[in-house]
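**Student:** Next comes the sequence, and after it the predicted model I'd like to discuss.
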Amino acid sequence: MSAVQIIGLPQSNFVWATRIALAEKGVAHENIPVPPHSPEALAVHPFGKIPILRHGSVAIGESRAIIDYLDSTFDGPELVPADPDAARRSDSWTSMITSTVEPLLIRQYLFAYFFPSGADGGPDRAVIDTLLPKMAATLDVLETALKNGDIGQEPFGRVDAYLVPILFYTNTMPEGAALIGALPQLSSYLQRNLARPSVQVTMPPSPLAET
Ligand SMILES: N[C@@H](CCC(=O)N[C@@H](CS)C(=O)NCC(=O)O)C(=O)O
């Protein structure tokens, strides 16, 4: 069987999601830690986004296409349930997390710290403060979904592979940690899943570390 490569900086939450999926499937892979818009990314993804998967003659851009390819190609636990109703719920939550939760918590909140735009060269407080009510409301939605069993149930799957990295990074910043810490379901979900072998073995270096 050909080797599996995941191309993209391991700090990317989208790259991390695909690597968690591989670890859950029990499939070894090599990570090629290149940034977006590198030749390796542009060779497969017309917008140069990471992650990219290479597996023999197969080359795929977009994390969801990658995860679904892994799920249908390899043995191991299902990342998307076979039951049609459960699969539709997984599709809906995957979409909500990648299109609504991720842009707010990662692209806006986390990036306000990683790519500071304040006048003093630090994070722009006004930007962060504007995000906080929306973050609180969004995390409350996740808390309720966990409480109702809409997400977060065993078996671990595609929704979790996306959500755990997002919550991990949100929890590294003070306001994010305070908001998550006040929500018992979300805190316990995060701690429980951070201990999973698939998450531990793919844990990225610090986002600001040179790779
Ligand atoms: N929809 C894409 C999003 C991937 C994505 O945004 N990756 C970021 C790194 S975390 C990236 O490549 N950003 C560069 C860009 O947006 O041009 C996926 O699911 O793979």
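**Tutor:** Right, received. Where do you want to start?
**Student:** does the ligand sit close to stretch 187-207?
**Tutor:** No - judged by C-beta under 6 Å from any ligand atom, stretch 187-207 makes no contact with the ligand; its nearest approach is 10.0 Å. In short, each C-beta sits where N, CA and C put it, glycine included.
**Student:** Where does pLDDT dip in this structure?
**Tutor:** Per-residue confidence for the chain (pLDDT under 70) gives these ranges: 1, 208-211.
**Student:** ok, now how distant is residue 72 from residue 130?
**Tutor:** Residue 72 is 41 Å from residue 130, where distance means C-beta to C-beta, to the nearest Å.
**Student:** who touches residue 101 in this structure?
**Tutor:** By C-beta atoms under 8 Å, 6 or more residues apart in numbering, residue 101 lies in contact with 138, 142, 163, 166.
**Student:** ok, the second one - contacts?
**Tutor:** Taking C-beta under 8 Å, 6+ apart as the contact definition, residue 142 lies against 101, 151, 163, 183, 186.
**Student:** what about the fourth one, distance to the ligand?
**Tutor:** Read that as residue 183. Separation of residue 183 from the ligand (C-beta to the nearest ligand atom, to the nearest Å) stands at 25 Å.
**Student:** Could you do residue 27 as well?
**Tutor:** Relative to the ligand, residue 27 is positioned 18 Å away (criterion: C-beta to the nearest ligand atom).
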